[in-house]
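Peer 1: Got a predicted structure here, sequence first:
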Amino acid sequence: MRLGRRVERTAGRLTRAVARVDWLRRAILHPIIARPGYWLATGCGFVWGGALGLGRIRRHRIRHPEALWVARKLPRWAFGRGGTTIGAVYLTHDALAPEVLEHEAVHRAQWRKYGLALIPLYIAAGQDGTKNRFEIEAGLERGGYVRRRPQRDPN
């Protein structure tokens, strides 16, 4: 079995076990626990993005209520796909289209809600972005997972 699949299955078992214990699930997802995890993840994102992006970090305000810090010009091996959000920091080389930033702002809100629990939850949701509930919530089209279908002319 591939290592990625094994990690995905282990994360799935872990999240299902925690979900069955109602008080534990509520405690882990409570803002008093989740918010410090979000802050820690954001700090890690700033360190990673600041070091590898040579300090090229700017705050972007977009239509989404959450502002997003963007660390750009990172080497392509430093993040997944076109970019990755860690806490409030979006790590990318040059994927800066407004719709992508809106997609990543939803991931920031997910980090804020779930804290570090987002890591096993995201892994358990699966590696296929088109089926991953966190990517679906953020918008598959905006994130570049699927292409927009052209509108048909009703006539």
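Peer 2: Perfect, I can see it now.
Peer 1: This structure: strands as residue ranges?
Peer 2: In the chain, the strands defined using DSSP state E lie at 57-60, 68-71, 83-86, 89-92.
Peer 1: Pull the residues that contact the worst-scoring helix or strand of the chain on mean pLDDT.
Peer 2: Counting by mean pLDDT, DSSP states H and E, the chain has its least confident helix or strand at helix 3-20, which shows a mean of 88. For helix 3-20, the surrounding residues in contact (C-beta atoms under 8 Å, 6 or more residues apart in numbering) are 24-25, 28, 120-121, 123-124, 126-127. Glycine gets a C-beta too; all of them are placed from N, C-alpha and C.
Peer 1: Ok, which of the strands of the chain comes nearest residue 38?
Peer 2: Smallest distance to residue 38 across the strands of the chain (C-beta to C-beta): 10.1 Å, for strand 83-86.
Peer 1: Now do the same contact list for the residue most central in space within the chain.
Peer 2: Closest residue to the average C-alpha location of the chain: residue 107 at 4.0 Å, with C-alpha atoms, centre = their mean. Under the criterion of C-beta under 8 Å, 6+ apart, the contact list for residue 107 reads 85, 90, 134, 138.
Peer 1: do residue 114 as well
Peer 2: 29, 34, 37, 121.
Peer 1: I'd like these laid out as a markdown table, including pLDDT, distance to residue 70 and neighbour count.
Peer 2: Compiled in a markdown table, the contacts of residue 114 are given as follows (pLDDT from 0 to 100; distance: C-beta to C-beta, whole Å; neighbours: other C-beta atoms under 10 Å):
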| residue | pLDDT | distance to residue 70 | neighbour count |
| --- | --- | --- | --- |
| 29 | 90 | 27 | 15 |
| 34 | 95 | 23 | 20 |
| 37 | 96 | 21 | 19 |
| 121 | 95 | 24 | 21 |
